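Q: compute the structure for the input listed below.
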Amino acid sequence: MPPPAADTNDTDDVRAAAAGDRQAFQRLYRQHVNRVYGAVYRLAGYDHARAEDLTQDAFVRAWQKLDGFRGESSFGTWLYRLAVNVALMDIRARGADPVSMMAEDDMPDHGETPFCAAEREELERAVGKLPPRARAVLVLHDIEGWRHEEIGAELGMAVGSSKAQLHRARGLLRKALGEHS
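A: Here you go, the predicted structure:
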């Protein structure tokens, strides 16, 4: 979910950074880096190195596009959306096949561990092994709180396809974590 509207410091720092003030941009970076990293980390399949690269890419793009920020939303919302777009473009660039399935051998074996009792690391590993488009839909819908209409528009798929990908991702997670439907 997008953060609340930016406070006055954000607005002042955005103006100053757009005028070339690197220290103002550094303050914006420090204020928003954790949220940006968290979103791209999940979209990158919990790959720290890739998430760090994508986070840096997002901030470089933000610096480059700062003069195009119109202030129609908070800077944090604008930056978050830009970062998600960077991560989604990375998924597309890696040739993510929206209908690919994981090989049975790639599924982690967790015995009878019910989904609700899965530890965070185990869950992250299972989410990270989902096919990229299914993972993107799951993360955007279940974690980031996007609606299927937004996901469909962002990923270039029908709302029904977004819902189907979410259903598929949840099923693969249940299977990976050992839950029997």
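Q: ok, and for the helix or strand hosting Ala169, which residues are buried?
A: Assigned by DSSP states H and E, Ala169 falls within helix 159-176. Neighbour-count burial for helix 159-176 flags 161-166, 168-170, 172-173, 175-176 (criterion: 16 or more other C-beta atoms under 10 Å). The C-beta positions use only the backbone N, C-alpha and C, and glycine is treated the same way.
Q: any idea which of those the model trusts least?
A: Within the buried residues of helix 159-176, pLDDT reaches its minimum at Ala176, with 84.
Q: go through the protein and flag its longest helix.
A: helix 22-43 (DSSP state H).
Q: what's that one packed up against?
A: Other helices and strands packing on helix 22-43, by 3 or more C-beta pairs under 8 Å, 6 or more residues apart in numbering; DSSP states H and E, are helix 8-18, helix 48-65, helix 75-93.
Q: how is this protein partitioned into domains?
A: 8-93, 104-176 (automatic domain parsing).
Q: and these, which one averages the lowest pLDDT?
A: Among those, domain 104-176 scores lowest, with a mean of 78.
Q: what's the spacing between it and its chain's center?
A: Its chain's C-alpha centre and that of domain 104-176 lie 12 Å apart, by C-alpha atoms, centre = their mean, to the nearest Å.
Q: circling back: next, format the helices and strands packed on helix 22-43 as a markdown table and append mean neighbour count and distance to Ala153.
A: Formatted as a markdown table, the helices and strands packed on helix 22-43 follow (neighbours: other C-beta atoms under 10 Å; distance: least, C-beta to C-beta, whole Å):
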| stretch | mean neighbour count | distance to Ala153 |
| --- | --- | --- |
| helix 8-18 | 16 | 26 |
| helix 48-65 | 17 | 20 |
| helix 75-93 | 19 | 11 |
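Q: a markdown table for the ones you listed, including distance to Tyr29?
A: A markdown table is the format used below for the helices and strands packed on helix 22-43 (distance: least, C-beta to C-beta, whole Å):
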| stretch | distance to Tyr29 |
| --- | --- |
| helix 8-18 | 9 |
| helix 48-65 | 6 |
| helix 75-93 | 9 |
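Q: for stretch 20-39, buried residues please.
A: Going by 16+ other C-beta under 10 Å, stretch 20-39 has these buried residues: 24-25, 27-29, 31-33, 36-39.
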